[in-house]
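> Generate coordinates for the sequence data below:
(one chain, ligands or ions: 3)
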Amino acid sequence: MNPNPTTTTFMLSSPSEPHQHLELESVREVPDSHAWPALDDHPTVYEPVPVVDLAGPDASVAHLARVCESWGAFQVTGHGIRSDLLERLESETRRLFALPMDQKLKAARPSNGISGYGLARISCFFSKLMWSEGFTISGSPLDHALKLWPDADPSRFCDVMQECSDEMKQVAGRVVRLMLLSMGLTPEEMKRAEEGTRVDQLSAVLQLNSYPPCPDPNRAMGLAAHTDSSLVTLLFQSGTSGLQLLRRQDQHGPARWVTVPPRPGALIVLAGDLLQILTNGRYKSVAHRAVVNRNHHRVSVAYICGPPPHHKLSPVGKAASPAPCLAYRAVSWADYLGLKAELFDKALASIMVAEDSRGDEGICC
Ligand SMILES: C=C1C[C@]23C[C@@]1(O)CC[C@H]2[C@@]12CCC[C@@](C)(C(=O)O1)[C@H]2[C@@H]3C(=O)O
Ligand SMILES: O=C(O)CCC(=O)C(=O)O
Ligand SMILES: [Fe+2]
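Ligands and ions are numbered 1, 2, ... in the order given. Below is the predicted model of the structure:
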């Protein structure tokens, strides 16, 4: 599957690209720099996205295994994160993106850095710019808050971001554990799978996304199709739809985009590439994208979480059919991010163990 039909090898030349930091909200017409040629690459269909209630019987491992295998994503309720905290998360995210561009640029992400304000990192793989802005928080949000609001109390922003990260970590830890339990691993395999993936070990970045209203939504792309590099991503979306999952009913069936409708209080779980590696290809990462709309300013916040950056994750359990053996070599999140930055949607394939060399390496199961 190539979730990125418009991917090119074209790299945007430099940060001085003239339209890179457009104030999108004041643009009356989609400029050529932001006009995407092929948005209808697959049909968009309605299909109810599975819901897993962490506080109810839905959280059964058998149900979860089916959902992970056939969707790689679900809405999660009963997670215990208070709705007033999620409301504050949304309003602080909106407050950040409502700042004037020159203020946001004071907290710009350095060219080789992780944290700060800027275009989606995947932008360099596409010839067109996306109709969105992003802000990545890795570690403490304090330095960012001081740059964004030099004359105001930073705690208003920092407390919400910190509290949300802490709560989302707990939810992510529970979800990852349930996913591993749902694989029916041997006790030995389970022990190995839990190394680096227990709740107290998880590390994460918080990605704030903003999608201003767009005068011609059929020609613009909010965030192009991609998979996250995480074990799992927990996504909060505001009351406007925009997130779409690329779904295939079976391996050879046609792909289509399925919209994830906003569900008050729910978070969305997206399986990431590291989950695909850890589960030996059984639970595949889900390709997703964000589309834009004419009237509403949508925001979303992704808690992108994985093992400690330098922990080497290796596959557990039998490889998903048809591959009979170990499918991926062990890799750390830090190294995998390097591959992703270079190879984008070819990163997973680059760490696959070639079928004919599996036996020679003594790693055939
Ligand atoms: C830890 C990370 C995951 C991420 C790259 C990053 O270093 C920080 C931002 C993350 C993000 C968020 C938007 C989508 C995405 C593909 C991107 O371009 O930046 C993800 C990256 C990822 O999951 O690989
Ligand atoms: O805004 C969305 O719905 C998707 C965001 C996303 O995919 C990401 O931040 O990785
Ligand atoms: Fe994503």
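> got a list of what the closest residue to Trp149 other than its chain neighbours touches?
For Trp149, the nearest residue in space outside its immediate sequence neighbours is Phe157; the separation is 7.1 Å by C-beta to C-beta, 6 or more residues apart in numbering. Backbone N, C-alpha and C define where each C-beta goes, glycine included. With contacts defined as C-beta atoms under 8 Å, 6 or more residues apart in numbering, the neighbours of Phe157 are Glu92, Arg95, Leu96, Pro141, His144, Ala145, Leu148, Trp149.
> In strands only, show me those residues.
Cross-referencing these with the strands (criterion: DSSP state E) gives no overlap at all.
> follow-up on the earlier one: distance of the residue nearest to Trp149 relative to ligand 1?
Using C-beta to the nearest ligand atom, to the nearest Å, Phe157 is found at 19 Å from ligand 1.
> correct me, but Pro110 touches Gly118?
No: under the criterion of C-beta atoms under 8 Å, Pro110 lies out of contact with Gly118, with a separation of 9.2 Å.
> follow-up on the earlier one: could you tell me which of the contacts of Phe157 count as buried?
Glu92, Leu96, Pro141, His144, Ala145, Leu148, Trp149 (16 or more other C-beta atoms under 10 Å).
> As JSON lines, the residues you listed with pLDDT and distance to ligand 2 would be great.
Written out in JSON lines, the entries for the buried ones among the contacts of Phe157 read as follows (pLDDT from 0 to 100; distance: C-beta to the nearest ligand atom, whole Å):
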{"residue": "Glu92", "pLDDT": "98", "distance to ligand 2": "16"}
{"residue": "Leu96", "pLDDT": "98", "distance to ligand 2": "15"}
{"residue": "Pro141", "pLDDT": "97", "distance to ligand 2": "17"}
{"residue": "His144", "pLDDT": "97", "distance to ligand 2": "17"}
{"residue": "Ala145", "pLDDT": "97", "distance to ligand 2": "20"}
{"residue": "Leu148", "pLDDT": "98", "distance to ligand 2": "19"}
{"residue": "Trp149", "pLDDT": "98", "distance to ligand 2": "23"}
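> and these, which of them are in helices?
Filtering the buried ones among the contacts of Phe157 for membership in helices, criterion DSSP state H, returns Glu92, Leu96, His144, Ala145, Leu148.
> Can you tell me which of those residues is closest to Ser123?
Ser123 lies nearest to Leu96 out of these, by C-beta to C-beta, at 19.4 Å.
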